[in-house]
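> coords please:
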Amino acid sequence: MSDLDSEDADESGEAEYEGDRNSEGQRHGFGKARLPNGDTYEGEYECGLRSGHGTYRFKNGALYTGNYFQNEKHGKGVFFYPDGSKYAGDWVHDQKQGYGEYLYANGDTYTGEWANNKRHGQGTYVYKDTGSTYVGCWVNGIQDGPAELIHLNHRFKGRFLSGKPLGHGKFIFDIGCEQHGEYIQPVQEKDEEEEDEEPPLPLEPIWKVSEITKITPWSPHDEELLGPREAAEAAGAVAEEKIPSVMVTEEGGGHPANATGEEGEERREEEVNQSQEDEALFVSTFFKSEQGSSLKQLNL
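Numbers count the residues shown, from 1 in each chain. All right, here's what the predicted structure looks like:
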């Protein structure tokens, strides 16, 4: 429902008005009005227009209580919608703009910046059903820019584009390791016989793994300039890893990132290699089981 469905009605022809007026007979000060369409307003007026604090009740059950300026919601205010959702925050010329919190009908919440009635800027979206949380940038209501997607036992740090993760990033697991990689947008193959048909839906980004490391610092800017290995080394976190780095294939297999040819180290290396492969397989298997549900949550 639009915030403006009936609030823009002309009050000059209200069925009832009780309240203060100025010397010119205009509504001025505090008053109560019942509009011809069934809506009601109780609050402050200035020169015939809603200005100051007031409460507007829509005939469909919606309600706004907060500040007005020349008949427009302007300043702080709370809007209650008929479906049970609620917005509390800043308004500018009848638009949600500034900072505010939106409680959705399904229990999800968004807290952050708004512009032109849309999530825009920095904000946090919490999914009630799963408990997952998106913390990051928004552009015109869509997840776009550096962000962190937090789940029950792991989280993803990276960049989003048009609501989907894309580019370098990493998964951080509570078991104490990270899986570095990159989300790549697959190319849609065109069939010459289907040129006249509707364009197919875009494919989901594919996660390409590069390596597993211990927990390391990260920022989107670092990942753009350096690969995951170089970024970890620059942070000083790779030299003496408790969890040795492994190069991981998409199938979850692995091989040692550093191997020596000294005969006395062969047995120890075999044990380390086996431990690395077991760990890589565990993380890769766990990640694949969680990836599908993680991406589905992004469709708001």
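> following element in sequence after the host helix or strand of G136, please.
G136 belongs to strand 133-139 when assigned by DSSP states H and E. Per DSSP H and E, the first helix or strand lying C-terminal to strand 133-139 is strand 142-150.
> dump that following strand to CSV, keeping only the CA atoms.
Coordinates of the C-alpha atoms in strand 142-150 are reproduced here as CSV (Å, rounded to 0.1, in the frame of the first residue of the first chain):
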residue,chain,number,x,y,z
ILE,A,142,18.7,-3.7,-3.6
GLN,A,143,21.7,-5.1,-1.9
ASP,A,144,24.7,-3.6,-3.7
GLY,A,145,28.3,-2.9,-2.5
PRO,A,146,30.5,-4.2,0.3
ALA,A,147,28.6,-6.4,2.8
GLU,A,148,28.6,-9.2,5.3
LEU,A,149,26.0,-12.0,5.3
ILE,A,150,25.9,-13.7,8.7
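> tell me what that strand is packed against?
With contacts taken as 3 or more C-beta pairs under 8 Å, 6 or more residues apart in numbering; DSSP states H and E, strand 142-150 sits against strand 133-139, strand 154-161. Just so you know, the C-beta spots here come from the backbone N, C-alpha and C atoms, and that holds for glycine as well.
> out of those, nearest to H120?
With respect to H120, and counting by C-beta to C-beta, the nearest of the helices and strands packed on strand 142-150 is strand 133-139 at 5.5 Å.
> ok so, going back, now distance to G61, mean pLDDT and mean neighbour count too, for the helices and strands packed on strand 142-150, in JSON lines please.
JSON lines is the format used below for the helices and strands packed on strand 142-150 (distance: least, C-beta to C-beta, whole Å; pLDDT from 0 to 100; neighbours: other C-beta atoms under 10 Å):
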{"stretch": "strand 133-139", "distance to G61": "29", "mean pLDDT": "98", "mean neighbour count": "20"}
{"stretch": "strand 154-161", "distance to G61": "36", "mean pLDDT": "96", "mean neighbour count": "21"}
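> so what pairs up with A33 in the strands?
Counting by DSSP bridges, A33 is bridged to Y17, Y41.
> count of residues packed around it?
Counted with other C-beta atoms under 10 Å, the neighbours of A33 add up to 21.
> P146 versus T216, what's the distance?
Remark: distance between T216 and P146 (C-beta to C-beta, to the nearest Å) = 17 Å.
> ok, now Y87?
Note on Y87: its distance to P146, by C-beta to C-beta, is 26 Å.
> one more: G181?
Separation of G181 from P146 (C-beta to C-beta): 17 Å.
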